[in-house]
Structures are given as C-alpha cells and as structure tokens.
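Peer 1: Please work out how this folds:
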Amino acid sequence: MTMSIDIAFLGFPGLALLDLSGPFEVLHALPGARLYLVAKDRQPFLSDCGLHVVPTTTYAELRRADVLCVPGGAGQIDLMDDQPTLEWLQTVAAPARYVTSVCTGAFLLGAAGLLRGYRATTHWASLPLLASYGATPVEERVVQDRNRLTGAGVTAGIDLALHLAALLSSRAVGEAIQLGLEYDPAPPFQSGHPRTASAAVVEQVRKRFAQRIARRTEQARQAAR
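Peer 2: You can find the predicted model right below:
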C-alpha cells in the first residue's frame, strides 16, 4: 500500500512561476503525493510573469505537511516581515520531514528562522545575503543539510524536486520521473551561471535585478542587527 505524502507549496503574488511549477511537475508524479498550493486566501494572484495562479487551500486550513516547499521571485521581498506568512512557515516546518526552498524562497525560510545553523543556497545574485539569516551560503545547485533542502536559481527547483523524490521514495522512482519529463538539459548557450557567462552578460543581469537585490540587501542588514 502506497503511503500518502502531503506536500505544501507556499503561494503568493509575484512568485517566480517556474520556482513553483518546476517542482510541482516533478512531485505530482511521486507515488502517494498530495500537493497543495497554500496562500492566505483562495483568491487568484499573478505570478511574476503575469500568469494567474489559483491557490487550493489557505494558511488556516493546512497546518501540517510532510514537505514544505517555498518558491522565490520578486514577491518574496514583500513577505519578509509578513507575520501570518512567517508564522505559517514555522508551524508547518516544525513537524515536516523536509523543509525546502527554490531560489530566493530561501530568504523566506531565513526570515522565519528556519535556516539558522544550516548550509543553504539561493540565486547566485543574492547568495551572500543568506549569511545575515544565520545560514552558511553554499554555491551549489542543490544543498541538503539534514532535513533542509535548498535550490539555487529558478530552474534548480527541478533538480531539487528530483533529489527530493529519491529521498521520499527511491532513486528508481526519481529516475523514472526524470525520464517521463525527458529532463535532459542541452542549453544552446553556456551562460547559466556567472562562472560560464561572459562578464557583459553577468553585468546585464545584475542591472536587471539591481532594485530587488538592493531591497534584499537592506532587509539582510536589518536581520543581521
């Protein structure tokens, strides 16, 4: 008999759609998985690319899960001092088997005090700021420290979810999910990380993210006080 696995994804306006949909696509194929998109209320909200997202349940209705997954995106910044959200994260994380994040969702875990003393990663452009929340920043695609799993930027959520599928079930299950998705990356450019991208491309992306990085930097300074 397959045991059920409850997986709760945090939903909020301005989340990065692939931070959510990548892991969701992987984990919905996990035997016994029951996935929930949890928000303050059930009202649809806009992702950061403008697509509407519809929550399936609310903070008040779901207070426990086997896995907590927190996506990032520009909307994460506005939640850093949102007490209902931080309290919900703390409540669900306490009994969870795994507490996870994708991209800048790591900062929400940090704001909730859930990364203190843990190795963790996030998007390369904001990675050093994790130290202000008591985490040890690690420049890796997926980082596991005990029951904390964090993924680097956006597309790393797929890698994280496959890793998690193997932990929750087996490597064979994880491999089968990967094959079913034909997840066999062959990008046309070698510019997916600053270590391979040209200096000009890195500078272009830093400028595009400058405003949100500045806000995260200020929040990190306040957290470090």
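Peer 1: Could you measure from the residue nearest to the spatial centre of the chain over to Ser4?
Peer 2: Closest residue to the average C-alpha location of the chain: Val102 at 2.0 Å, with C-alpha atoms, centre = their mean. When distance is defined by C-beta to C-beta, to the nearest Å, Val102 is 23 Å away from Ser4. Backbone N, C-alpha and C define where each C-beta goes, glycine included.
Peer 1: Please enumerate the helices of this structure.
Peer 2: Secondary structure of the chain by DSSP state H: the helices cover 17-27, 83-93, 105-111, 156-168, 171-180, 199-208, 210-224.
Peer 1: Mean neighbour count, those helices: which tops it?
Peer 2: Stretch with highest mean neighbour count among those: helix 105-111 (a mean of 28; mean count of other C-beta atoms under 10 Å).
Peer 1: contact partners of stretch 196-212?
Peer 2: Stretch 196-212 has contacts (C-beta atoms under 8 Å, 6 or more residues apart in numbering) with 74, 77, 125, 190-191, 194, 213.
Peer 1: Give me the distance between it and the centre of its chain.
Peer 2: Between the mean C-alpha location of stretch 196-212 and the chain-wide mean there is a distance of 21 Å, by C-alpha atoms, centre = their mean, to the nearest Å.
Peer 1: now that stretch: mean pLDDT?
Peer 2: Stretch 196-212 carries an average pLDDT of 97.
Peer 1: Output that stretch as CSV, restricted to C-alpha atoms.
Peer 2: Extracted as CSV, the C-alpha positions of stretch 196-212 are listed here (Å, rounded to 0.1, in the frame of the first residue of the first chain):
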residue,chain,number,x,y,z
THR,A,196,30.4,30.4,-17.5
ALA,A,197,28.7,33.5,-18.7
SER,A,198,30.6,36.5,-20.1
ALA,A,199,31.3,39.5,-17.9
ALA,A,200,29.0,41.6,-20.1
VAL,A,201,26.1,39.2,-19.7
VAL,A,202,26.6,39.0,-15.9
GLU,A,203,26.6,42.8,-15.7
GLN,A,204,23.4,43.0,-17.8
VAL,A,205,21.6,40.6,-15.5
ARG,A,206,22.9,42.3,-12.3
LYS,A,207,21.5,45.6,-13.6
ARG,A,208,18.1,43.9,-14.3
PHE,A,209,18.0,42.6,-10.8
ALA,A,210,19.5,45.7,-9.1
GLN,A,211,16.4,47.1,-7.5
ARG,A,212,15.3,43.8,-5.9
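Peer 1: Tell me, how many residues neighbour Arg63?
Peer 2: If you count neighbours by other C-beta atoms under 10 Å, Arg63 ends up with 13.
Peer 1: Leaving out sequence neighbours, find the closest residue to it.
Peer 2: Using C-beta to C-beta, 6 or more residues apart in numbering and skipping residues adjacent in sequence, the residue nearest Arg63 is Thr91, 5.7 Å away.
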